[in-house]
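[1] Starting from these lines, generate the structure:
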Amino acid sequence: MHGNRIPELEGLDPQAPPQWRWIHRARPDARRIGILSASFNPPTRAHVALLEAAQGAFHLEEGVLLLAIIHVEKPPAGFGLPERLEMLRTIARGRPSWSVALCNRARFFEKAQALRAAVGPSPELFFLLGGDTLIRLFDPQYYPDIPMEAALESFFQTARLLVAPRPPWDLPSLERFLQDPARAPYRARIDFLQLPPALAEVSSSEVRRRLMHGEPIVDLVPSEILPKLARRKEGSL
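    Numbering: from 1, shown residues only. Below you'll find the predicted structure:
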């Protein structure tokens, strides 16, 4: 990295067809790949716990921390893409089966399309997300240019979902949500992971709030990135 510039971010065009870019590839031979796509603004202990839990429960040979260069909602305030990418590198460095990647698209069916083109037809793909993101996946407002059903069919033909309930969406409410006739056909491609309640409530926004007020964050973020976050001054986010 040169100053605040990361060469790997260059040339990723959000207007281009879906593009996938490996920043660090740990297991090119993996047959079962788990992908945690988030804004990582900044990464939290919940992010790490979710990927670790998924690897253990579903025998995933590779875990991918995926940073999309755009977001489906308003661009998040806080840490810039170069900072977040560097934190993801730091986290993956100490985990031999973890990779880091970038994608130029925000929607899951496009991320899955880009990854499938990058790894070929054989590996099984498992996208990890929180219960709140599952709700957004089925929201028509995020598909103004394509029928939502077509986007969902494309995604679920390519990958499975591993979902961690988080407030206000607990497991029973998510199950009820998926019983709707429009969503029920995809239920067989969705599995759930239960995180400890204390971790399920950890959020990047709470980390940023504490940093703004000079409050401790040691219980919220991976220890590897604490030195990077400690350099942030109060009110700098």
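[2] Would you map the helices across this structure?
    45-58, 81-93, 108-119, 131-137, 148-158, 171-178, 197-200, 204-212, 226-230 (DSSP state H).
[3] what's the least confident stretch among those helices?
    Lowest mean pLDDT within the helices of the chain: helix 197-200, a mean of 84.
[4] Tell me the buried residues in it?
    By 16 or more other Cβ atoms under 10 Å, the buried positions in helix 197-200 come out as 199-200. From N, CA and C alone the C-beta is placed, and that goes for glycine too.
[5] For I33, which of the helices of the chain is the nearest?
    For I33, the closest of the helices of the chain is helix 108-119, at 7.0 Å, according to Cβ to Cβ.
[6] Relative to the whole chain's centre, how far out is that closest one?
    Here helix 108-119 is found 14 Å from its chain centre; the criterion is Cα atoms, centre = their mean, to the nearest Å.
[7] Now do that helix: which elements does it pack against?
    strand 20-24, strand 32-37, strand 98-103, strand 124-130, helix 148-158 (3 or more Cβ pairs under 8 Å, 6 or more residues apart in numbering; DSSP states H and E).
[8] Could you check how far Q55 is from D29?
    Distance, Q55 to D29, using Cβ to Cβ, to the nearest Å: 16 Å.
[9] Mind checking which of the two has more residues around it?
    Ranked by neighbour count (other Cβ atoms under 10 Å), Q55 and D29 place Q55 first, with 20 against 7.
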